[in-house]
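**Student:** heads up, no residue letters with this:
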């Protein structure tokens, strides 16, 4: 699922053509003694224990002033009941510039919880740029209607006061 994507990024990095949004720094501060232990860093499939990744990482990246971003941490191998399903481990939206802590945490951080004797599980960070704040709800629903069912609707009206 993510193999070709990772391959592209590694190839781009070797060619010094890495997309600016991929120059993202992700590190987990160790639990035991945060002031003296060096943090565990995330890079291209390295291995971290669930203990090392127990708390949300510090994430930083280079971005243009005024830009908005969304950060997703997902695990394509974690879902035990649905082989095609994924768990959302963290979702932060409306991140201004590179300030992840100033973004809106839509799903709180969920530490990795691989089941015993299930091997290594992948945890994938996806950083997406929000190029604009406007969109068409009808188009969004049309594109996703087979995968979602609206469960409620409410609205209000307003005029100049």
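**Tutor:** In hand now; what should we look at? Not measured: the values here are computed from a predicted model. Residues are numbered from 1 along each chain as shown.
**Student:** Quick check: which ranges of the chain have low pLDDT?
**Tutor:** Applying pLDDT under 70 to the chain flags residues 1-38, 79-80, 83, 132-135, 150-161.
**Student:** Just confirm residue 58 contacts residue 42, I think it does.
**Tutor:** No: with contacts defined as C-beta atoms under 8 Å, residue 58 does not count as touching residue 42, sitting 10.6 Å away. All C-beta spots, glycine's among them, are computed from the backbone N, C-alpha and C.
**Student:** Show me which of the two is the more surrounded one.
**Tutor:** residue 42 (21 against 13; other C-beta atoms under 10 Å).
**Student:** Isn't that one up against residue 57?
**Tutor:** Yes: counting by C-beta under 8 Å, residue 42 touches residue 57, with 6.9 Å between them.
**Student:** can you pull the buried residues of the lengthiest strand in the chain?
**Tutor:** The longest strand of the chain (DSSP state E) is strand 87-96. With burial defined by 16 or more other C-beta atoms under 10 Å, the residues of strand 87-96 counted as buried are 87, 89, 90, 91, 92, 93, 95.
**Student:** swap in stretch 93-113?
**Tutor:** Here stretch 93-113 shows 93, 95, 97, 98, 100, 103, 112 as buried, counting by 16+ other C-beta under 10 Å.
**Student:** farthest-separated two in those?
**Tutor:** Within the buried residues of stretch 93-113, 97 and 112 form the most distant pair, 27.8 Å apart (C-beta to C-beta).
**Student:** coming back round to it: and of the buried residues of strand 87-96, the nearest to residue 125?
**Tutor:** Distances from residue 125 to those, taken as C-beta to C-beta, are shortest for residue 90 (8.6 Å).
**Student:** Could you find the closest non-adjacent residue to that closest one?
**Tutor:** residue 73 (3.9 Å; C-beta to C-beta, 6 or more residues apart in numbering).
**Student:** That neighbour pairs with what?
**Tutor:** residue 90, residue 125 (DSSP bridges).
**Student:** I'd like the distance between it and residue 123.
**Tutor:** Going from residue 73 to residue 123 by C-beta to C-beta, to the nearest Å gives 6 Å.
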